[in-house]
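In: Output the structure for:
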Amino acid sequence: MWLAGGSLMLGSVATEVIGREQPAQIQNYNAPGNLESNYNLGCIGLNDVKPEYNPVDLFKAMKVCILAKRYDDAVRLFAIAGTYGRYDSLRVADATSHQAITVARMEIFGDLPEATSKEYDQAASTFLSNSTKIAEICVEAKRIGPPTYFPRYMIQHGMGAFFRGNGDGLVQKFDSKTAWNQALASYLKCAAS
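Out: Numbering: from 1, shown residues only. Sure, this is the predicted structure:
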């Protein structure tokens, strides 16, 4: 049994039946809500980001920006999506769910042409080395505030989606304010507010 990208894969080893080896049988089960996106945003600017947009929504918007060569907008969306992902990893109890951000990025950006990826990476590197631009993103992230969505995209990505009993998948007695400040500080390196 393996978990790969929010999928439960059950495999059986090859067996011999009447002297012939049978190939392994793999079954892939996706939990409803795994890496779900609730909004199709297109390429939006940071001023249009709302706290109900989850990281998958923002990564999809970021991809549209990259394809339109609006790299600064893409980097800003990446910063907010990553901060929201960090916050969600603090509030989602199942540690196997926390890889949702990495898997979502791989699925969404995996088919970008190599030349486009390199061009974006270069623009992102330049952007992220500018402390003034990072400070501006921190101001905007604080203005937007912590997520207001329920992190189903992440909860349904982990093993708990298949084996969780009762409960919503969130950390008990979660301190939203502390977690938000921690996400801002650890991901964006923003000063505490």
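
In: Please report phi then psi for Gly169.
Out: phi 90, psi 0 (degrees, to the nearest 10).

In: I'd assumed Val92 was in contact with it.
Out: Yes. Counting by C-beta atoms under 8 Å, Gly169 does reach Val92; the two are 6.1 Å apart. The way it works is simple: take the backbone N, C-alpha and C, and place the C-beta from them, glycine included.

In: and for these two, which residues touch both?
Out: Common contacts of Gly169 and Val92 (C-beta atoms under 8 Å, 6 or more residues apart in numbering): 151, 155.

In: higher neighbour count, these two?
Out: Taking other C-beta atoms under 10 Å, Gly169 and Val92 do not tie; Val92 has more neighbours (25 against 19).

In: Quick check, that one in contact with Ile101.
Out: No. Val92 is beyond contact range of Ile101, at 10.8 Å (criterion: C-beta under 8 Å).

In: Between those two, which contacts overlap?
Out: Contact criterion C-beta under 8 Å, 6+ apart; residues shared by Val92 and Ile101: Met154.

In: mind listing the strands for the chain?
Out: Along the chain, the segments classed as strands by DSSP state E run 2-4, 7-12, 16-17, 20-21, 25-30.

In: Show me where the protein dips below the pLDDT cut-off.
Out: Residues of the chain that meet the criterion pLDDT under 70 lie in 1-23, 26-30, 32-34, 159-167, 193.

In: Where do the helices of it begin and end?
Out: 55-67, 71-91, 100-109, 114-128, 131-144, 152-155, 160-163, 176-183 (DSSP state H).
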